[in-house]
Each structure stands twice: as C-alpha cells, then as structure tokens.
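In: Dropping a prediction and its sequence here:
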Amino acid sequence: MIRRKASLAAALAGAALVLSGCGNDPDANTGVKIVKEVGAAMAARAKGDAAPAGGGAGITRAELNQFNTPMIMAQLPASGLTAFFVPYATNGAVETWASPDNRTISFRGGVMVATRGFGPDIMQSSGPSIGQIASGSGSHTRIFDYLDGADQNIRREYACTVKTAGVETITVVDRQHTTRHVIEDCTGNGGQFRNEYWFEGGNFLRKSKQLLAQEWGYLEFQRVVDKG
Amino acid sequence: MRLPSPRRIALFGMTSAVAVVSAGLAIGENRPSLNFYGVSGLMDMPSGESQADGMLTVTSAHFGPISRTTLSFQITPRLGASFRYLGVRNWDDFRPSIWDVYYDRSFDLRYQVLKEGRYVPAVTVGFQDFVGTGVLSGEYIAATKNLNDRIKVTAGLGWGRLGSYGDIGSPFGPRPAIDAGKGGKPSFDQWFRGPAAPFAGVEWAVNDRWSIKAEYSSDDYTNEAGVRRTFERKSPLNFGIEYQAYDSLRLGAYYMYGSELGVSLQFVMNPKQRPMGGVGGPAPTPVKVRPSPTSDPDAWSPEWVAQEGAREQLIQNLNKWLEKDGIVVEAMGYDGRTAQVRIRNTRYDAEAQAIGRVARAMTAVMPASIENFEVVPLVRGMPASKVTVRRTDIEALEFTPGAADAMRARTTVSNPGAPMANLAYDPELYPKLSWSLGPYNRIRLFDQRDPFKMDVGLRFAARYEIAPGLVLAGSATKKIAGNLDEPPPDIPTGLQPVRSDVDVYDAKADPALESLTVAKYGYLGNDVYARVTAGYLERMFAGVSGELLWKPVDSKFALGAEVNYVAQRDTDGGLGFGEYDYKVATGHISAYYNFAPGFHAQVDVGRYLAGDIGATLAIDREFSNGWRVGAFATKTNVSEADFGSGSFDKGIKLEIPFAWGTGQPTRKKATTIIRPFGRDGGQKVEVDGRLYDSVRDYHASGLDDQWGRFWK
C-alpha cells in the first residue's frame, strides 16, 4: 500500500513539476520567470527603439548575466521577431526549447528539426547530425514536412553539401568568440537555401542561421547563455 | 510561460500578409479576369476561360446607370455558377414606371467544353440569367486563346441579350416570347433561339499588375438604352484598364459604349488555401517520454488506479496543460493500461489538432502504465466519436518525417461506445452558467424597396448546462439602429405567412426574446444520436423538436429523422401565440451523402412549415478547412401561384471559417444563406443544434480533412 501511494504521489508530483515549468504558473519556475523578464525588457526596448543596433535586439551582457539557464536568442528577420528560448523538453536526441510567447523550437544536436507557434512551422524533418555539419565537409539529404494553407502535408527534399568557410571572430552580445564557420548548401524541390554554422572550441554551436521555410527565410540563433 | 506581446504578433501577422500578397502575385499572373457580369471575360462580354477550381469571386461593376454585383463560384474545374443583383437607375426618367431604380436578380451557369491547348482555344458555353424573369437572359459560346504570355483574344457568338446587336440571323429559329410566370424556372424553350450575334475582344497584360481590355459588344441594351433611354449607346466598342492591387483584389476603369464611364472591383477568394498559410496559435505541450521500465519500475506500476482522488487530480492537471488550447477535459475513466477522457474543444477548427493536443498533454500527465489514450470529443455534451491512440506511437513519431500519415495509420476512430466502467465527470463542471452580451446585426436582402437593409443592436445570450448534454439556453435582442422597421409593401401569399412576414417581426419584435429552450443531446449506441429541444425555438416558431441521426463514424452516408410540433409566435417578440393561432406538425426524413471527395448532398423529404409536402435537395462543395459553398432547392405541393415570386424555394449558402481569414485557430464560422425570394413554401423550422453537423466534424472524414494538424 505504501508503495502504491508513493508511486501515485510521484506521478502526480512529477506532472505538477513539469506543469510549473511549462506554463500555468510561470512564476514558480525561475528559469521561465527570468526569460519572461527578459522578454518584457525586450518588448519595452523595442517600443522605444525600433531598430536595435548590432542584431542583438539591444540586450546587454549584464542583463544576461542574471540568468543561470541555457538560453538561445532566436531572430526571424522576415517578421522582425526576436525571442529567447530555454530548454523545455527532451524526446530521445531531440531537445525542445521554448520561448515566453508560446513558441517552441526543437533541435537535434544544434540542428533545427521542428518548430511550433510560428505559423509556417517545420512539422517534422530529417537531416544531418551536428557531427556531419561540424566535420566541415561531405554531403547529405534533408527532408522537411510542412503544412500548407489547407493543412495538407508539403514535403520539401534537398540534397546538400557542407564546406568550411574558415575561421571567424564573431560577437554575440558584447562577447567575442573565435569560431569555425561552416556552410551547408542545399538544392531541391523547394528551391535553394544556405544554412550557416559557427562552431566554437570543437563542436559547440555558438551561432547558426537555419532555414525555417522558403517563404519566410531563416531563423538566426545565438547561444547567449551557456550555463546549465 | 505566457507573455503577451501583441506588438510582435501584429507585426508577424502584418508581414505575413505582405509576404502572402507578394508571393501570390507571381502565381496570379495571367489569371482570367472578370467582366461586368462577374464571370471570366472582358467588360460586358464573356470569355472561354474559367476561374481556377473552387474560386469564389465577388464583382461589383458599374457604368452609366447600370450596376451589377455578382457572386460567382467555380464549382468544378469546368462548371461555374453565378448569382447576380442588377440595378438600373433612371428607369422612370423617360417612360413612367413604379420603379425609379429597377432591381433584378439572376443566376448563370457555364461549362467549359474545351480546355486551352497549344492550338485549341478554351471554349465555354454559358447560360446567363437562365432561371430569372429574363431581363439579362442570353446564351453564348466563347473561345479564348492566349497568343503569348501577355495577349489573349476572345471571339464568341451570343443569343438573347448577347445577340441583340449586329446579328447574323437566327440559326436555330426564332426566340419565343418569355413565359416567366412567377419566374425562377429554367427557360429551356428560349435557349440558343433567335438572332445570334458575334462578339470579340482582346486583353493585353502590360505587366504583372496592369492590363488593357477592348471589346466589341453584341449587346444592344435594347430596353435600357433604346426603350427607357437610361443612357445612350453610341458605339459597340468598350475599353478598359485594370490594376491588380493585391492577389485578391483587382480594380478597373472603363469607357463604355462611346458615352459612359465605368468602374469595377473584382474580389477573389481561394477557399482551398488560407491566405496566411500555416495556422498560428500557441505551440503545443511537447511530448513527455516515459522513463524506461527498467530504470524506473515504480513509475510503471498500475496500482495507482485504485487511489482515491487520482481522477480529480489527473483531470485538474490535464486541464492546466490544455488551458492555453481552449480545451476542457470533462471526464475521465481508466484501468491500468487505458485512459479515456471526454473533452470539449472550444477553439481548434481542425478537430485533429484538438485530439493531438490532448494526446500530448496526456503524455505529460498520465502515469506511465497508461499505454492507450481514448479521446472522446463532446459536442453539446454529447459524445461524438472516440479516437484511440497509442502512447508509444506519440512518443516515437513526434519528430519523424511522415508523422501525420504514420500516426493516422495507427489511430482508430470509432463510435463513442459505452463510457469506461469507472468514467466520471469532474464534479466542478456541472451545473455551469455562461452568458454573453454583445452586438448583433440582422440583414434583409432583396425586399422590393431595397436590396439591403440592416439592424444593429445588442444581444444577451445565456447558457445553463444542467448536466452533460442537458442545456437550458436563451437569447434576447434589443435594436439600437437600423432600417428593418421600414417594411416593404405586403405581397399576398396563398399560404400561412410562415416566413414572408419576417419583415413584420423585423419591424415589431424589439426588444425580442429570440429563443429560450431546454435541450437534451445524447448518444444512444449503435451509431445513433438523439436530440430533443423544447421551447421558443426561433424568432417565429415555438414548440417541440425531436431528432434522431444514424451516422457510423467512417460512413459517407447517414440517415436522420426530425419531427416538430410548433406554433407561430406573435410578431412582438414576446411569449404569445394569439396573433396567428397557427399550429403545425412538420418534419423530415433526411439522407446525407458525401458522394465524391469535397461534394456533399442532402435530401430531405417531409412536411414543411406551411403544411406543404415535398422535398429539398442541397448540394455543397466542401473544403477541408471548413469552407462550404452550396445551393439548395425545395419543391413542394404548393402551386406556383400560391408560392408567388420565384415559383419554389431555392437559395445559396456560404460558410466561411474565421480561421481561414485570420490564420488563427477558432471554431467560429460566418454562415450566409441567400434566398432570392423569401416566400412561405418549402420552409423549415430553425432549431439550434441539429445533429449531423454537430457530430460529423469528429467522425473519420472530418478528422482526416485536416489530419496534418494532429501534430501542430
């Protein structure tokens, strides 16, 4: 009997824990709370300054230093969107990160495999491993599944090649990083696109630019907080 | 994790609209433009082209004293139909008439007999105003050929109105005088009879946005220009310039018949595709994968099932997850391996998305021993179906390309069945009171004085859900402004004025009790659903209404029966019945058949409100996103003379889901029924919550239409 009770309690408590992390009681979870604060700060900033300089959405390192949760800043130039994402769920090798405004982006390694909450979302996809990209050479195929305006599946298939563009020093929110710039060129039934990756100290993905959808262009990611 | 950021959302929406518009223009190149009659063509002359399949267009064209507003629909790739409202001003300027503006309604049908080929032109045969009183009647054969990417030429031969200028004789004999009677019937005898006249035109697309049109018109405007002299027809030549402002909007300016200026507005909608593409809305709860049984055997123990209070706790947790989705879990039952939830979906237009959201939330909440999720959607408290998914599949397929098809193959849609043995409702949910106070508008089209009248006001509505499927509901209105209280002249009717007095209700019923009913809905088993409604059913009738529906979840065919006993209400919007002292038993046997993908037919046979007996045929083109465009006709044993104008009841129906326009998930729809003649024959009582459309969305076809949204 005791075991029974314990497992029930565990199941329910587990659910409650996840809940507090996800949405219904945001203030109970520090990571989410901070992201929310950043979001609010950004929104306030955006009001005053329509075009933040340097592509950093105006956030400063000092502001970021308050956070102890790994954080990715994502920008979608096509819509002027900037949002901050924190780790949220894991399914096998896929990590899903979430933003305070109810969007999620899922990565396998650092390679974006799905999005939700954007509208023109990548429903599912298959593609290279982060190791294949980091190797700086080789070729692979990609498949993206989207939904069209009638909610029917649209599949885009691409053949891609990877090459190294050289060493580059990049700036991510006031901090300089020496990176290896890798380019992935893809051609297929959806047209062409070029994803770019900036690796730091081996395979740590500091920055990347990855295709969301042909009509919308690229999502640009910068890893702004490493901790966690 | 909710941070309202309206500015971003608005920006996102705005840019997406711009992106769509600019992306759409490329596709829109060389699309056949519309003429003044709202059909593919030049100005007054039609072309051999048809619009793309499923396109719905609204055209408003005006020159001199003549105005035409037309709703056209491309029913199939070759078959098109139009409904038009015509107004001719200055009607009594030269010859006296009871009208200063002459109004008329007309229907067209056209069929493209040849598609354009390398050498062959597109050829269309058309019937203009083929059931009307004949004012615009004309038939034509038109051929159009694109000479290159920019220039297309059209030539044709017209009869009737379109054969009235420069004719070449009467190849198929004389045209008999029209015997319209009460109108509204096809004028077979006239078709392709009488003088035939050639017409021609050319359209030059200067660039992607601008084009120039010129035509030689075979319409003499015998009555409008000749007899009534509403304008002077000096030349058969017309010229125009058109501008594609957006993918959906085209504007034109014209010089007509050597004397008049004209303008037109062409509005094009594609029901097949949301203009904004993929639907928005918050991201789902990601799938939470269970720990492996070996690493955490305790989590997999099914013994939690016996715990007190587990159900309440689980329902509460699920509802927390689903709050952002507008989904409420009302009841739950379980054994060690299977959990069944009854849900109410208030937001997702795509029912599969609601199911998918519930399934994902269940992965986050349900103990690991639960492998089977049974989701039973409730509509008006009545279980509509049962969708069974395996948790293992949800876990495995979340990020796999082809997940939608793979998931559907592993999903079972069945009838609601019996509830699980220990299923119980959340005691907090019932009874439940909800109410709203908001604006309403009421529109009356085509009365003899005016094509369009409208009232606006406030509507108070309340719903008291006593128990699952048992609802007390009502609504009342108070007019604030409008002109519906100017009734048109009374037209005598040979029948009880069951609908023709609607203008009296419009004028007098203020404030009005619209409805006040108690209704019970339920699933009886064996694919049979039932409804009983009693009270003030609608503005004009009160009584009792009962309905049964047999609809297997995977069937394209369904049968229903409805019986009503109703009395006609007083026109003051109150509770009384003394004014008419009219009671009638009415009811129908209905057959529903999804006879081809996207096409739906309904046949009702029975007794109508005026006591007349007959049948209704309704045919709809249905799009996966919920758009419906259809037409209906009812023939009963009422004579044409007793029926009055139009000879029998008919009309068109449009249902447009808001989600199509906004790109955000919502179950709201705009429904419009247009009856060219609102008379008393062939009318049914309007009762809320008819069963077929209530349950069908959650049956196999309704779920499959937008199944891709399962993972959205």
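Out: Right, received. Where do you want to start? Numbers count the residues shown, from 1 in each chain, chains lettered A, B, ... in the order given.
In: Which stretches in chain A count as strands?
Out: A:71-76, A:81-91, A:94-98, A:104-108, A:111-116, A:124-126, A:139-147, A:153-172, A:175-188, A:191-200, A:204-213, A:217-225 (DSSP state E).
In: Pipe those into a markdown table and attach mean pLDDT per row.
Out: Below are those laid out as a markdown table (pLDDT from 0 to 100):
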| stretch | mean pLDDT |
| --- | --- |
| strand A:71-76 | 95 |
| strand A:81-91 | 94 |
| strand A:94-98 | 96 |
| strand A:104-108 | 97 |
| strand A:111-116 | 98 |
| strand A:124-126 | 98 |
| strand A:139-147 | 97 |
| strand A:153-172 | 96 |
| strand A:175-188 | 97 |
| strand A:191-200 | 97 |
| strand A:204-213 | 97 |
| strand A:217-225 | 96 |
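In: Those into CSV, with extra columns for mean neighbour count?
Out: C-beta coordinates here come from the backbone N, C-alpha and C atoms, glycine included. Listed next are the strands of chain A as CSV, based on neighbours: other CB atoms under 10 Å in any protein chain shown:
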stretch, mean neighbour count
strand A:71-76, 22
strand A:81-91, 22
strand A:94-98, 22
strand A:104-108, 24
strand A:111-116, 23
strand A:124-126, 22
strand A:139-147, 20
strand A:153-172, 15
strand A:175-188, 17
strand A:191-200, 18
strand A:204-213, 22
strand A:217-225, 21
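In: Need these in JSON lines (columns: distance to residue B:309).
Out: As requested, these are exported to JSON lines (distance: least, CB to CB, whole Å):
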{"stretch": "strand A:71-76", "distance to residue B:309": "38"}
{"stretch": "strand A:81-91", "distance to residue B:309": "27"}
{"stretch": "strand A:94-98", "distance to residue B:309": "30"}
{"stretch": "strand A:104-108", "distance to residue B:309": "32"}
{"stretch": "strand A:111-116", "distance to residue B:309": "33"}
{"stretch": "strand A:124-126", "distance to residue B:309": "38"}
{"stretch": "strand A:139-147", "distance to residue B:309": "40"}
{"stretch": "strand A:153-172", "distance to residue B:309": "42"}
{"stretch": "strand A:175-188", "distance to residue B:309": "51"}
{"stretch": "strand A:191-200", "distance to residue B:309": "51"}
{"stretch": "strand A:204-213", "distance to residue B:309": "45"}
{"stretch": "strand A:217-225", "distance to residue B:309": "40"}
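In: Would you mind listing the residues in contact with residue B:470?
Out: Applying CB atoms under 8 Å, 6 or more residues apart in numbering or on different chains to residue B:470 gives the contacts B:381, B:518-520.
In: Check these for burial and list the buried ones.
Out: Among the contacts of residue B:470, those buried by neighbour count (16 or more other CB atoms under 10 Å in any protein chain shown) are B:381, B:519-520.
In: so what's residue B:402 up against?
Out: By CB under 8 Å, 6+ apart, residue B:402 lies in contact with A:124, A:145.
In: can you check the one 4 residues further on too?
Out: Taking CB under 8 Å, 6+ apart as the contact definition, residue B:406 lies against B:393, B:397, B:400.
In: hey, where'd the strands end up in the stretch 401-550 of chain B?
Out: B:412-414, B:424-425, B:432-445, B:452-467, B:470-482, B:512-525, B:528-536, B:541-550 (DSSP state E, counting those that start in this stretch).
In: Who are the packing partners of the second one?
Out: When contacts are defined as 3 or more CB pairs under 8 Å, 6 or more residues apart in numbering or on different chains; DSSP states H and E, strand B:424-425 packs onto strand B:327-334.
In: packing partners for the next helix or strand after the strand it packs on?
Out: Note on strand B:327-334: by DSSP states H and E, the next helix or strand toward the C-terminus is strand B:338-345. With contacts defined as 3+ CB pairs under 8 Å, 6+ apart, the packing partners of strand B:338-345 are helix B:310-322, strand B:327-334, helix B:351-365, strand B:372-379.
In: Would you mind checking the average pLDDT for the helix or strand containing residue B:211?
Out: According to DSSP H and E, residue B:211 maps onto strand B:210-216. For strand B:210-216, mean pLDDT rounds to 97.
In: who's in contact with the helix or strand following it?
Out: Going down the chain from strand B:210-216, the next helix or strand is strand B:237-244, by DSSP H and E. Strand B:237-244 is contacted from outside by B:25, B:28, B:33, B:42-44, B:208-217, B:250-258, B:262, B:264, using CB under 8 Å, 6+ apart.
In: before we move on, what about stretch B:436-453?
Out: With CB under 8 Å, 6+ apart, stretch B:436-453 has contacts from B:85, B:87, B:103, B:105, B:454-462, B:477, B:482-484, B:486-489, B:491, B:502-503, B:506, B:674-678.
In: can you pull the contacts of residue B:148?
Out: No contacts exist for residue B:148 under CB under 8 Å, 6+ apart.
In: so it, which of the three states?
Out: Three-state call for residue B:148 (DSSP: H, G, I helix; E, B strand; the rest coil): coil.
In: ok, now which ones touch the residue positioned nearest the centre of chain A?
Out: Centroid-nearest residue in chain A, with CA atoms, centre = their mean: residue A:105, separated by 5.0 Å. By CB under 8 Å, 6+ apart, the contact set of residue A:105 is A:72, A:74, A:85, A:96-97, A:112, A:114-115, A:219.
In: Can you tell me which of these are also in contact with chain B?
Out: Contacts with chain B are made by A:96, A:114 out of these, judged by CB under 8 Å from any CB of the partner chain.
In: Filter the contacts of stretch B:436-453 down to the buried ones, PyMOL style.
Out: Filtering these down to the buried ones (16+ other CB under 10 Å) takes a single PyMOL command:
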select buried, chain B and resi 85+87+103+105+455+457+459+460+461+477+482+484+487+502+503+506+674+675+676+677+678
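In: By mean pLDDT, flag the weakest helix or strand of chain B.
Out: When each helix and strand of chain B is scored by mean pLDDT, DSSP states H and E, helix B:6-28 comes last, with a mean of 36.
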